[in-house]
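**Student:** Predicted model follows, preceded by the sequence.
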Amino acid sequence: MSLALTDSEPQTADNTVPVIRMRGISRSFGDAPVLRDVDLDVQPGEYVAIVGPSGSGKSTLLNVLGCLDRPTTGTYELDGVETTTLGERGRAAVRGGLLGFVFQSFHLLSHLSIEDNVAMSESYRHRQPGTQRSTRRERAIAELERVGLGHRIGYKPRLLSGGERQRVAIARALMSKPALLLCDEPTGNLDRANTAAVLDLFDELRASDLITIMVITHDGSVAERADRVIGIADGMVSDRPRETS
Amino acid sequence: MRWLPFRRRDAADRRRTVLRGSRMGLNEMIDAAVNGMFAKPVRSALTTLGTVLGIGSLVVTLGIAKTAGAQIVERFDALAATTVTVEPAQQGGGGGGGRGNRIVLPWDVEQRLLPLNGVVAAGAFGDANTGSGRISTNAINDPTDRAQLKLRVVGASAGLFAAIKTEPVAGRFFDGGHDTRADRVAVIGQGIAEQLGIRDMSRRPVIFIGEEAFTVIGIMGQPQRESALVNAIIVPGGTAAARFGLAGPTKVVIDTEVGAARLIADQAPLALRPAEPSALRATSPPEPQSTRDDVSNDVNGIFVVLGLVSLIVGAIGIMNVTLVTVMERTGEIGLRRALGARRRHIAAQFLSESTTLGLTGGIAGATVGIIVIIAVSAARQWTPVLDLRLAALAPVGGAITGLVAGLYPAWRAASMEPVDALRSGM
Ligand SMILES: Nc1ncnc2c1ncn2[C@@H]1O[C@H](COP(=O)(O)OP(=O)(O)OP(=O)(O)O)[C@@H](O)[C@H]1O
Ligand SMILES: [Mg+2]
């Protein structure tokens, strides 16, 4: 089954509204500005790489994009929803319903099986009345099969390789059928082969679902496969010309 | 109607369902809590130890207090609560032989009192004045004889033995026939029998009170009431009247049914002396219920404080460990927030974990406590008094302890910012 994102709505609606529309976003910690007056538009289905030197504010930008952090000033519409005025409940609902997160260090719970790790977020989402927990588990298994881990059902994360763990984390992010997948150095802990496997998975996801992906990376090979590369310097965001190799 | 958390545009329409707030089911929370508990089983076990001890000691102290209290009350009830004594209203010194004292009590107390509803047994006695008569086991008055003693001689009605709750250790007690015929028979207390060296009734031993010979027909065991009579020679009232000029008894002892003592105390003077009941003073025990409460309250008060102190120690233990858990699982908290958990979900998670810890401790504590009560009761040969409410409340108490102990850690966990929590890693 494909994701609900493309099931119910005509594509035309998506094309008129950007997934991300930031205007005048800034974020300072104390007196130190990290993001300054950022304007950013990302269209549905785009694959965007964010690059920049360490400490330039990439993670800070991603945290604002992920409604994990509030900007100091500016407006940020996510999938047509103004997020900066949302309260705690609304932001939690946005994170759980519109977004998927993938972290460099996987963030898997070691005492849960991989399918329980994947199914975890369902507790925090509104369920259709009558949804069974077994259905939830089946969906988790389906997501794991999609990322090529069907043969690892029942395993605890510690038995898996780094690449497999990151794919579990991606399956977990997909459980919410997100409009936007936010990845902070998802391949930072992976070797070349596993990095390639994760990037292939991203391509598949974009092909099968209209999913927007934003990836922070230091890895040229990751940025290379993106539609668009944006760089951060001095708190400013700008599009970079594609490096053609 | 559900609340839509934000203003939406056309494209956001499809998100309507997804963006509704969530309701985490209770069973999910319990599931997560149990999972969390078994993630670190040894630590969880050690954490609950404080609560186990707290609840356990509370159950034990309350249970033992109840059991011990029941023992005290049982003994108290059995004796004092069923004892009524009647004496002349103004009592002179010795009261022996009626010298100078008006005789107000009759001998036939059994006939007068037994018809009263609630009287189990009744008897009367009075000290006989034997003058300078000494007691010995042979007729020759030998001042150097060690067995020659000055002893208390008491005239009694036949019902006295039942009224003071005693049994013959040898031979038998005298009856109404001996009394009416003024037979020269005697029942001697166990204490005296030893002094006089009398053991065997089959040889019909004889003692001399002054010049008079009396056949010892029985040895009386330690009475539960009027215990001083164990050191007396008891002769039938009629005999005492005839031989020693005892004009009448000076004390009446009544054994009543449980709960009847007060009533009997009211009725006895009239039954014993219809013409002038005010000449008699009946003494009944203090209200047994109040005694029971006094005893129980004293004991319980101390034990409850001790138990509560250990419970507080247990709560601090849970709080400490839950705080450590919160710090250790900061990354998990961040992750859950990123996955859509609200602050209250995080708070509920840690609260249900600490509550589950407390509940487990409470159940274990109640179990241990009950086993200890049964063991202690068995060792002391008490009847264990197990209050079922206590057994049911103990786990609840444990759960409340865990809940209260989890409040601060849960608040700490819930007030973390997702970004900060995520940065700490897993
Ligand atoms: N909570 C905070 N309080 C104070 N300063 C912060 C906070 N978070 C980030 N910063 C600062 O903001 C700047 C940008 O941090 P950020 O984590 O966004 O960098 P980054 O681009 O992700 O770097 P890296 O590539 O090393 O991950 C840094 O100088 C950092 O010290
Ligand atoms: Mg970073």
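**Tutor:** Structure received. Computed from a predicted structure; not experimentally measured. Ligands and ions are numbered 1, 2, ... in the order given.
**Student:** and stretch A:223-239, how far apart are its ends?
**Tutor:** 12 Å (Cα to Cα, to the nearest Å).
**Student:** go on, stretch B:377-395?
**Tutor:** End-to-end distance for stretch B:377-395, by Cα to Cα: 23 Å.
**Student:** Would you mind naming what in chain A lies close to ligand 1?
**Tutor:** A:F29, A:V34, A:G52, A:S54, A:G55, A:S56, A:G57, A:K58, A:S59, A:T60 (Cβ under 6 Å from any ligand atom). Where C-beta positions appear, they are placed from N, C-alpha and C, glycine not excepted.
**Student:** and with 8 Å instead?
**Tutor:** Contact residues, chain A versus ligand 1 (Cβ under 8 Å from any ligand atom): A:29-30, A:32, A:34, A:52-63, A:184-185, A:216, A:218, A:232.
**Student:** count of residues packed around residue 134?
**Tutor:** All of this is about chain A. A:S134: 8 surrounding residues under other Cβ atoms under 10 Å in any protein chain shown.
**Student:** let's do chain B instead
**Tutor:** Counted by other Cβ under 10 Å, the residues lying close to B:R134 total 19.
**Student:** Enumerate every residue touching the residue of the stretch 251-400 of chain B found nearest chain A.
**Tutor:** Relative to chain A, the nearest point of the stretch 251-400 of chain B is B:G340 (1.7 Å; Cβ to the nearest Cβ). When contacts are counted by Cβ atoms under 8 Å, 6 or more residues apart in numbering or on different chains, B:G340 touches A:A92, A:A93, A:R95, A:G96, A:G97, A:S121, A:Y124, A:R125, A:S176, B:S22.
**Student:** most neighbours, which of the residues you listed?
**Tutor:** Highest neighbour count within the contacts of B:G340: A:G96, with 30 neighbours (other Cβ under 10 Å).
**Student:** In what element of secondary structure is that one found?
**Tutor:** Assigned by DSSP states H and E, A:G96 belongs to helix A:88-98.
**Student:** which secondary structure elements does that helix contact?
**Tutor:** Packing partners of helix A:88-98 (3 or more Cβ pairs under 8 Å, 6 or more residues apart in numbering or on different chains; DSSP states H and E): helix B:330-338.
**Student:** anything in the helix or strand just after the helix it packs on sitting right up against chain A?
**Tutor:** From helix B:330-338 onward toward the C-terminus, using DSSP H and E, the following helix or strand is helix B:343-380. Yes: using Cβ under 8 Å from any Cβ of the partner chain, we find that helix B:343-380 touches chain A at B:R343, B:H345.
**Student:** Now do helix B:343-380 against helix A:88-98, angle only.
**Tutor:** If you take axes from the mean of the first three to the mean of the last three Cα atoms, to 10 degrees, helix B:343-380 sits at 100 degrees to helix A:88-98.
**Student:** packing partners for helix B:343-380?
**Tutor:** Packing partners of helix B:343-380 (3+ Cβ pairs under 8 Å, 6+ apart): helix B:26-39, helix B:41-79, helix B:288-328, helix B:330-338, helix B:388-414.
**Student:** The helix or strand following the last one and ligand 1, any residue contact?
**Tutor:** Tracing the chain past helix B:388-414, the next element assigned as helix or strand by DSSP H and E is helix B:418-423. Yes: Helix B:418-423 is in contact with ligand 1 by Cβ under 8 Å from any ligand atom, via B:V419, B:D420, B:R423.
**Student:** For ligand 1, see how far away the closest residue to B:T356 other than its chain neighbours is.
**Tutor:** Excluding the flanking residues, the one nearest B:T356 by Cβ to Cβ, 6 or more residues apart in numbering or on different chains is B:A33, at 4.3 Å. As defined by Cβ to the nearest ligand atom, to the nearest Å, B:A33 lies at a distance of 31 Å from ligand 1.
**Student:** Kindly provide the distance from B:A33 to chain A.
**Tutor:** 12 Å (Cβ to the nearest Cβ, to the nearest Å).
**Student:** Contact partners for that residue?
**Tutor:** Counting by Cβ under 8 Å, 6+ apart, B:A33 makes contact with B:Q349, B:S352, B:E353, B:T355, B:T356.
**Student:** Swap in 6 Å and give it another go.
**Tutor:** Residues near B:A33 by Cβ atoms under 6 Å, 6 or more residues apart in numbering or on different chains: B:S352, B:E353, B:T356.
**Student:** helix, strand or coil for A:L190?
**Tutor:** Under DSSP: H, G, I helix; E, B strand; the rest coil, the three-state class of A:L190 is coil.
**Student:** looking at it, it is touching A:E164, isn't it?
**Tutor:** No: using Cβ atoms under 6 Å, A:L190 is not in contact with A:E164; the gap is 10.2 Å.
**Student:** circling back: next one, pLDDT for the residue nearest to B:T356 please.
**Tutor:** Note for B:A33: predicted pLDDT of 78.
**Student:** Please apply the same query to B:A366.
**Tutor:** Looking at B:A366, its pLDDT reads 91.
**Student:** same thing with B:D294?
**Tutor:** At B:D294, pLDDT is 58.
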